[in-house]
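[1] What follows is a predicted protein model with its sequence.
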Amino acid sequence: ETADRDKPINLEADTVTLDDIKKVSVYQGNVILTQGTLTLRADRMQLTQNAAGLDKVSATGRPVAFRQKVDGRDEFIEGFAARIEFDNTTSELDLIGDARLRRGEDELRGARISYNSDSGFYKVVGQNGAGSPGGRVRAVIRPKPRGEQPAAQP
Amino acid sequence: NGLVLKKDLELKGSTVAGKEAPLFLTADRIDSTAVGIIEAAGRVEARQAGRNFFADWLRYDTRENSVQARGKVRLEQPALLVTGDSLDIDLDTYSGQLAAPVYRFVGQPGRGDAERIDFIDENNFSLADATYTTCSVEDEDWYLKIADLDIDRGRDVGTAHHASLRFLGVPILYTPWMSFPLGDARKSGILAPTIGTTERSGLDIVVPYYLNLAPNYDATLYPRLLSKRGVQLGGEFRYLLEDARGVNRVEYLDDSEAARTRWSVALNNSYRLNANTQAGMLFDRVSDDDYFRDLSNLISITSLSHLNREVWVTTQHAHWNAELRAQSFQTLQDSTASTPIAEPYARLPHARLGAAQTFGRFEFTLESEATRFAHPTKTEGTRVLAYPTLRMPLVNDYGFLTPQIGWHSTYYALDESAADDNIVRNLPIFSLDSGVVFDRPMRFSGVDFEQTLEPRVYYVYAPYRDQDDIPIFDTGLLDFSYAQMFTPNQFIGGDRINDANQLTVAVTSRFVEAESGLERLQVTLGQRYYFTPQRVTLPGVDPRSDNTTDLLAAVSGQITRDWRIDTAWQFDTQNGTVIRQNLGASYRPGPGRAINFGYRFIDQTTEQVDVSAQWPLGRRWYGMFRYNYSFQDDKLVEGLAGLEYNGGCWALRTVFQRLATKEDQSTDALFFQLELNGMGRLGSNPLDVLKQSVPGYRPSNEILPTP
Amino acid sequence: CGFQLRRTAGIPFKSLYLDAPGGSAVAQRLRSLLTANRKTRLVTVPGEAEALLKLTQEVRSKRILSLSGAGRVTEYRLGLTLSYSIVGPDERVLAEPESLELNRDMTYDDSQLLAKGAEEQLLYRDMEDSAARRILRRLQALGGDT
């Protein structure tokens, strides 16, 4: 949900190492990040701060999972990948390595998926040899009944 | 993840078929650039409910549920493959276009290309500026060039507007409109015209026009140009409903040669009233006696001398069956014949009741009928007859003994032209049929056989009854045959019951392959002995002089998978002469390979040899021939020579036939036909002649070309 | 010369299902022969039968054999072709399928139309009877000799 952007972020992890100078903090061991309806689970997460607060998150896991409620509908969007890069300012999520994105009954799979949680637009890119055969990208899309508004309306 | 989608053309789609089925998309890159729009690029594969799309680039609008594809587009539907440059299609209604399509049907021949395909709905699409052929891909022997081709997958029919047919590059036919079957569906549209010439009607061109009105009824119009006579209009209407079916045909001609209007009607309809009862009518009538002789050249039609007209109801039940029928005939006199043809009696009406019941060891049967016979000139009257029989078949593994007693009673009520207007005839008929089966194992050329020896003795006793006053309504003498030897009455029909005190003795030996149980050869000998002279005869026929019949012998069987023989003799044991001889053999190793040999001899009447064959003459060539020579008349009864080329998706056949039709006259006919597989036939049709004259003949395009 | 009275074990199935097109005359004839045989029960449901006898393509044919000088028919060859197969309940082939081809020649005279029509029916019935008996013998032969 877009309202998540201004929600507080809280984090749990087994261990934390902070580096105030470079404003980088690294969380390791079943790390869980929640911000409003957005949750992110990973083995290791590295957060960088900027003046406005949280800037970027880079999470790795077997796999990293993220889940967020879709605006205006009781539907969730879920993503899995070997690594997820989250840019809080552009609210751009980059799923890299065996990426899978599922929204309602639509499902996308590919080497790399970039998803903008604001606009709902995504881009699925396949790289040769990056996991799925021939670097192919896969999607399952259900035709939306005419009357309904698509979820990703900002 | 190693899981590769198995490309399955006949995929019936996901569990949710139809409109709401999800679209499975695979590509090098997928992105969603606008609201509800998905674009995929790079070897795109999309699959929805049994439809596969392939392209370099594809755009799917989830709200409109429509697809655009560009670049090496390929669309695979359950029954159609199409490739082209660009595709726009609405997945809800399956309507849309595809540019520069090359299409091919799946499951049946039929392919081509076009300028554009307009998909109309799930089952219908039309092609603009298209070609259509059933030849295989690299074979362009023939194709149709069509301005506008509509394909209806529901009724499996293609309808072409402004079509021209090109055969080996030469345009040979143009038609403004035609429709044709897409599979082996029924023939449709303008059927191939048949062209022929006969000396009685000159040039003879028929252009049949087929109206596929509905799956269960259709009509065909036969406009026919006869250069010497004018234009004949013919029409046929056929229907096949739940419990009714019929074929009705009418022809009409203003004949300039015969200076009169001529017509023919042929109606044939039957209805199923319930599970056991059927009713129906048959009505054949022509305007004049020479109608068929002038207007047809099929021997089976020109030789028709009586046309049947009848209405009937029949019912069959477990133990009885009954029939009510009214029947009369139109007799076609032959002006050139010396004696006029005898007109048969009409049966107005004819009622028949048959029953059969088993009581423990006894079997009771009843045959009874009542018929009013009408005739313009001969004696008319009503005949009522009943023939109950009782028999006790004693059957075990190796034999049978069947005594039978019957009582045949008949009552005639005749008109005043008969000597006696009421006649009653009652007589008992006793018969004893018995047979025993011996067998022994034997070996012949390395194969184990079971040879049987089956003597059979059949005795019939029937007292003499004076039947000279009884008119002949429907009775005649049965041909002397193995079947006739084991019937109590040598007359067929009800007006004569022969006095009998006769014994038929026969022996049959069968050679049965022990391992497969197939009967390979059967040899039969039979003769009948009369203990009393014959007294009941047909009017004007002398009674039999000697007290034994001729000896009948027959040897027949499917000796091997390919060889079959049928031979029969009839010896006059009195003076040791052969009355009748019939030698037949056929060698049919496979489709398209058949050789038949026949020699028939009937003392003083017929001696004919008949050799016919179809044999491959090369990889795609077949030769057919028949030589039927009559030594008696010292003349060729039928000569036939044919050649056929199988071009894979077409066949060319040419047949020359010389047929003896009258005493000193025979007619020649040349047939020349081009058949385009799945499309139709052009030219005069020799197939009926070939099937009649060369037993075992198979059209070459029904045989896979020899490798 | 080695002949002795035939002692077959009879038809080796206690129950048989006859699968033939409706109104098939050969099937009718076979039913009466089998009931007279009393050893094999004819069942109406394929499932219950030990063996299924399938009659297919029972076709009568009538061909002109010879013509008179005046182009009128003097002889017909009547034909009956049919094929049959004997399979087990699991469609296992119990006997090699066979196709029978029988024919009878009959002289024809169009002045005796009604009589010749009746003779034609008699000859067809004779062919149907011999076809039925031949199939019955084949069934018995499957039982082998005791």
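    Cool, got the structure. Residues are numbered from 1 along each chain as shown, chains lettered A, B, ... in the order given.
[2] So in chain B, where's the weakest helix or strand by average pLDDT?
    Within chain B, judged by mean pLDDT, DSSP states H and E, the helix or strand with the poorest mean is strand B:189-190; its value is a mean of 52.
[3] tell me, what residue is most central in chain C?
    residue C:131 (2.5 Å; C-alpha atoms, centre = their mean).
[4] and residue C:122, that's in a helix?
    Yes. Under DSSP: H, G, I helix; E, B strand; the rest coil, residue C:122 falls within a helix.
[5] Okay, it and residue B:351: tell me how far apart.
    According to C-beta to C-beta, to the nearest Å, residue C:122 stands 20 Å off from residue B:351. To be clear about C-beta, it is placed using only N, CA and C from the backbone, and glycine gets the same treatment.
[6] before we move on, the earlier item: next one: the residue nearest to the centre of chain C, what pLDDT does it get?
    Looking at residue C:131, its pLDDT is 93.
[7] doesn't residue C:26 make contact with it?
    Yes. Judged on C-beta atoms under 8 Å, residue C:131 makes contact with residue C:26 at a distance of 5.0 Å.
[8] Show me which strand runs longest in the chain.
    No chain specified, so I'll use chain A. The longest strand of chain A (DSSP state E) is strand A:53-69.
[9] ah, no, chain C please
    Max-length strand for chain C by DSSP E is strand C:51-67.
[10] what pairs with that strand, and is each one parallel or antiparallel?
    strand C:15-19 (parallel), strand C:73-87 (antiparallel) (DSSP bridges).
[11] Can I take it that the residue nearest to the centre of chain C is in a helix?
    Yes. Assignment of residue C:131 by three-state DSSP places it within a helix.
[12] can you pull the contacts of it?
    Going by C-beta atoms under 8 Å, 6 or more residues apart in numbering or on different chains, residue C:131 touches C:26, C:29, C:80, C:82, C:100, C:102.
[13] Go again with 10 Å.
    When contacts are counted by C-beta atoms under 10 Å, 6 or more residues apart in numbering or on different chains, residue C:131 touches C:25-26, C:29-30, C:55, C:58, C:80-82, C:84, C:100-102.
[14] got it, and residue B:623?
    For residue B:623, counting by C-beta under 10 Å, 6+ apart, the contacting residues are B:613, B:614, B:615, B:616, B:617, B:641, B:642, B:643, B:644.
[15] and if you look at residue B:558?
    B:518, B:519, B:520, B:521, B:564, B:565, B:586, C:98, C:99, C:100, C:101.
[16] in which helix or strand would I find residue C:28?
    helix C:25-37 (DSSP states H and E).
[17] go on, residue B:689?
    Using DSSP H and E, residue B:689 falls in helix B:687-693.
[18] Report the buried residues of that helix.
    By 16 or more other C-beta atoms under 10 Å in any protein chain shown, the buried positions in helix B:687-693 come out as B:689, B:690, B:692, B:693.
[19] these two touch, right, the second one and residue B:697?
    Yes. Residue B:690 is within contact range of residue B:697, at 4.7 Å (criterion: C-beta atoms under 10 Å).
[20] before we move on, what SS does the residue of chain C found nearest chain B have?
    Residue of chain C nearest chain B, by C-beta to the nearest C-beta: residue C:115 (2.9 Å). Judged by three-state DSSP, the three-state class of residue C:115 is helix.
[21] for the residue lying closest to it once chain neighbours are set aside, what are its contacts?
    Nearest non-adjacent residue to residue C:115, counting by C-beta to C-beta, 6 or more residues apart in numbering or on different chains: residue B:476, 2.9 Å away. By C-beta under 10 Å, 6+ apart, the contact list for residue B:476 reads B:491-493, B:495-496, B:538, C:109, C:111-119.
[22] what do you get if the cut-off is 7 Å, keeping everything else the same?
    B:492, B:493, C:112, C:115, C:116 (C-beta atoms under 7 Å, 6 or more residues apart in numbering or on different chains).
[23] Which single one of these is nearest to chain A?
    Scanning those for proximity to chain A, where the rule is C-beta to the nearest C-beta, the winner is residue C:116, at 72.0 Å.
[24] buried sites along the helix or strand harbouring residue B:246?
    Here residue B:246, judged by DSSP H and E, is contained in strand B:244-255. Across strand B:244-255, burial judged by 16+ other C-beta under 10 Å covers B:245, B:246, B:248, B:249, B:251, B:253, B:255.
[25] which stretches of the stretch 251-400 of chain B have low pLDDT?
    Where the stretch 251-400 of chain B drops to pLDDT under 70, the residues are B:297.
[26] beta partners for whatever residue of it ends up closest to chain A?
    Residue nearest to chain A within the stretch 251-400 of chain B: residue B:272 (48.8 Å; C-beta to the nearest C-beta). Residues in a beta bridge with residue B:272, per DSSP bridges, are residue B:278.
[27] That one touches residue B:243, doesn't it?
    Yes. The pair residue B:272 / residue B:243 is scored as a contact, 3.8 Å apart, by C-beta atoms under 7 Å.
[28] and these two? which has more neighbours close in?
    Per other C-beta atoms under 10 Å in any protein chain shown, whichever of residue B:272 and residue B:243 has more neighbours is residue B:272, with 15 against 11.
[29] Just give me the residue right at the centre of chain A.
    residue A:93 (4.5 Å).
[30] Not including adjacent chain positions, what is the nearest residue to that residue?
    Nearest one to residue A:93, counting by C-beta to C-beta, 6+ apart, is residue A:115 at 4.7 Å.
[31] Alright, calling it a day.
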